[in-house]
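Colleague: below is the sequence, then the predicted model.
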Amino acid sequence: MDAAQLFNWVRGSGLQLAVFIFLLGTVWRLIEIYGLGRKPDLAEPRHVPGASGWHTLWHRSIPIPGMMQRAGLTYIAGYGFHIGLVAVVLLFAPHIRLIRELTGLSWPALPSPFVDLLAVMTLAAMLVVLAERLHQPVKRFLSTFEDWFTWALTFLPVLTGYLAARHLLLPYTLTLSLHILSVELLLVLLPFTKLFHVFTIWPSRWFNGDASGRKGVAV
Amino acid sequence: MSGESSLLIDNLARHGVSRRAFIKYCATLASLMALPPTAGRAFAEALAKASRPSVIWLSFQECTGCTESISRSHTPTLEGLIFDSISLDYHHTLMAAAGEAAEAARAAAMQANWGKYLLVVDGSVPMKDGGVYSTIAGISNHDMLMDTVKGAAAVVAVGTCAAFGGLPKAQPNPTGAVAISELVKDKPVVNISGCPPIPVVMTGVLAHYLAFGTLPELDKLGRPLAFYGETIHDRCYRRPFYDQGKFAKTFDDEGARKGWCLFELGCKGPVTYNVCATAKWNDGTSFPIESGHGCLGCSEPGFWDAGGFYRALSMPAEPLKVAAKAVAIGAGVGVAVAFANRAKKSVARTDHQTATPADLEK
């Protein structure tokens, strides 16, 4: 298979297969998770100010007092790469072209040099969180194969995308093919790994807050 | 033709073609086919001595556009005359005989030239329902092909239908059309694809066969490498605009008027191997991109189903086509798993045994 054939496959059959598995897996997992159900809570809920699902959505998203001093790097690098990822994926002009072509929806893009900067920032932040995970004994102890693997799954599309956009290292067709391939790998595995938090983070956070709120615990 | 020489050179001379014009033509053909410079002379010598080979031409599921392109494209040319110089013993469209006489001519030509005749096929072969969708003289295309190919020296599949299935094979392929190379496995098959193919490619292959008695070098899709070795894009006169990133966005914008690259308007030049950009059409007048329309990719397999003539190549095929199916299957699996989980929970509840401190002390 030469570069052109690989390119044709990744943006043809490969993409189709990846989108198929991604949609199938996502719908499956969402129904499975929310179909689990909970036992009815028969206790009377307590009412404490600041204890509710909605409150927790916000509160869990900002550092607990004191944690910024103790684990500032985790917050900054963590937020850095998440925001960078969202911006690079959704605000890069070629990505918007693709979304418009597929769905008809479009929105304004960020200037490409700025997206370049964000991509570098994202890569740097991801390397920082990886280094920290390796460095901190507790984090390293708690890490499983899935943690390392999903890190790589997220890192590769950004890296190959940056190389493709800047025409670095390998011929353009090949880097672009590798970029699309890495995104396809991410799509295929996203529903079946912890990366599924893309969909579940906000409902889970709300649910945890709501459950605590009923017990009168503000989180 | 009795009494007259059957040599090609004499035939051409009878039509008023000078030796000089003939040598020039051979040199052009040799260079076009990327043969070494000395080959032009060898080509001319061998071609001049060539006698009329018998050619049987079978037309199956096709539109006759290929025959039109090759036999009547423009005023008589050397290509046309070389065509006249083969003994075209059977060709529905062109032959005078009809009905049983036509079939008799095919049988006679096969018998007289067994093992030596060239079989030219245009059109695909329907295989569904016993091949009833296309029959000639009550014989299905499949049977006629398999019968005629037995004594052929080689097979030339002319046009994309014969070479790759073409339009009849386009989805949903109602007749079960297949390419000639899918049926003929024991004879050399040359694919001269294109919808229609370029006349000089056809005559180039014929001339090569006449002169050297062999078929030219082929690419992996069975096409003569000399003509299908490079893409339209590689040889396109609009290529500099592509390299500069200057693209026509619509067919009537400023870029289109300035002759910028048609890539974004769906030109398939970058993935289409053919010689249009150099050999050109209509006696060397132009090729489609010169008249302002992108390449359709007609010499490539499956070009009808390649995702829209006006979709830019950089756009992926439609991955969302499968979305509804994926969501439906996903929902099915999800519901099934959810029910299985609930069943497991209720089994756990019924199996739950309460323990007392006394039990723990046992």
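Modeller: Alright, I've got the coordinates.

Colleague: host element of the most centrally placed residue in chain A?
Modeller: Centroid-nearest residue in chain A, with C-alpha atoms, centre = their mean: A:Val198, separated by 5.4 Å. In the assignment (DSSP states H and E), A:Val198 maps to helix A:197-214.

Colleague: please apply the same query to A:Leu134.
Modeller: Element membership for A:Leu134 (DSSP H and E) is helix A:112-135.

Colleague: check whether that helix contacts chain B.
Modeller: No: using C-beta under 8 Å from any C-beta of the partner chain, we find that helix A:112-135 stays clear of chain B, coming within 13.2 Å at best. Where C-beta positions appear, they are placed from N, C-alpha and C, glycine not excepted.

Colleague: could I get the average pLDDT for that helix?
Modeller: The average pLDDT for helix A:112-135 rounds to 94.

Colleague: I'd like to know which elements the very next helix or strand once past that helix is packed against.
Modeller: Tracing the chain C-terminally past helix A:112-135 and defining elements by DSSP H and E, one meets helix A:137-142 next. Helix A:137-142 sits against helix A:112-135, with contacts defined as 3 or more C-beta pairs under 8 Å, 6 or more residues apart in numbering or on different chains; DSSP states H and E.

Colleague: where's the helix it packs on relative to the chain centroid, distance-wise?
Modeller: Centroid separation for helix A:112-135 versus its chain: 14 Å, with C-alpha atoms, centre = their mean, to the nearest Å.

Colleague: report the buried residues of it.
Modeller: Residues A:115-116, A:118-119, A:121-123, A:125-126, A:128-130, A:132-133 are the ones in helix A:112-135 that count as buried (16 or more other C-beta atoms under 10 Å in any protein chain shown).

Colleague: restricting to C-alpha, output it in CSV.
Modeller: Output of helix A:112-135 as CSV, limited to C-alpha atoms (Å, rounded to 0.1, in the frame of the first residue of the first chain):
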residue,chain,number,x,y,z
SER,A,112,-4.4,29.4,11.6
PRO,A,113,-1.2,30.7,13.3
PHE,A,114,-3.1,31.0,16.5
VAL,A,115,-4.4,27.5,16.2
ASP,A,116,-0.8,26.4,15.6
LEU,A,117,0.2,28.1,18.9
LEU,A,118,-2.7,26.3,20.7
ALA,A,119,-1.6,23.0,19.2
VAL,A,120,1.9,23.5,20.6
MET,A,121,0.5,24.6,23.9
THR,A,122,-1.7,21.5,24.0
LEU,A,123,1.2,19.2,23.2
ALA,A,124,3.3,20.8,25.8
ALA,A,125,0.6,20.6,28.4
MET,A,126,0.0,16.9,27.6
LEU,A,127,3.8,16.2,28.0
VAL,A,128,3.7,18.0,31.3
VAL,A,129,0.8,15.9,32.6
LEU,A,130,2.5,12.7,31.4
ALA,A,131,5.8,13.7,33.1
GLU,A,132,3.9,14.4,36.3
ARG,A,133,2.1,11.1,36.1
LEU,A,134,5.4,9.4,35.7
HIS,A,135,7.1,11.5,38.4
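
Colleague: which residues of chain A fall in helices?
Modeller: A:3-11, A:13-34, A:53-59, A:67-91, A:93-103, A:112-135, A:137-142, A:145-165, A:172-189, A:197-214 (DSSP state H).

Colleague: among the ones you listed, which is nearest B:Asp253?
Modeller: helix A:93-103 (17.9 Å; C-beta to C-beta).

Colleague: tell me the contacts of the closest residue to chain A within the stretch 151-300 of chain B?
Modeller: The nearest approach of the stretch 151-300 of chain B to chain A comes at B:Val271, 7.2 Å away (C-beta to the nearest C-beta). Each residue near B:Val271 by C-beta atoms under 8 Å, 6 or more residues apart in numbering or on different chains is listed here: A:4, A:8, B:231, B:233, B:297, B:300, B:313.

Colleague: and which of those residues is nearest B:Thr354?
Modeller: Scanning the contacts of B:Val271 for proximity to B:Thr354, where the rule is C-beta to C-beta, the winner is A:Asn8, at 63.8 Å.

Colleague: low-confidence regions, the chain specifically.
Modeller: If you meant another chain, say so; for now it's chain A. Flagging of chain A using pLDDT under 70 yields the residue ranges A:1.

Colleague: I was thinking of chain B, sorry if that wasn't clear
Modeller: In chain B (pLDDT under 70), the answer is B:1-6, B:51, B:72-85, B:96, B:314-317.

Colleague: what residue spans form the domains of it?
Modeller: B:8-228, B:232-319 (automatic domain parsing).

Colleague: how long is the longest one end to end?
Modeller: Read that as domain B:8-228. 27 Å (C-alpha to C-alpha, to the nearest Å).
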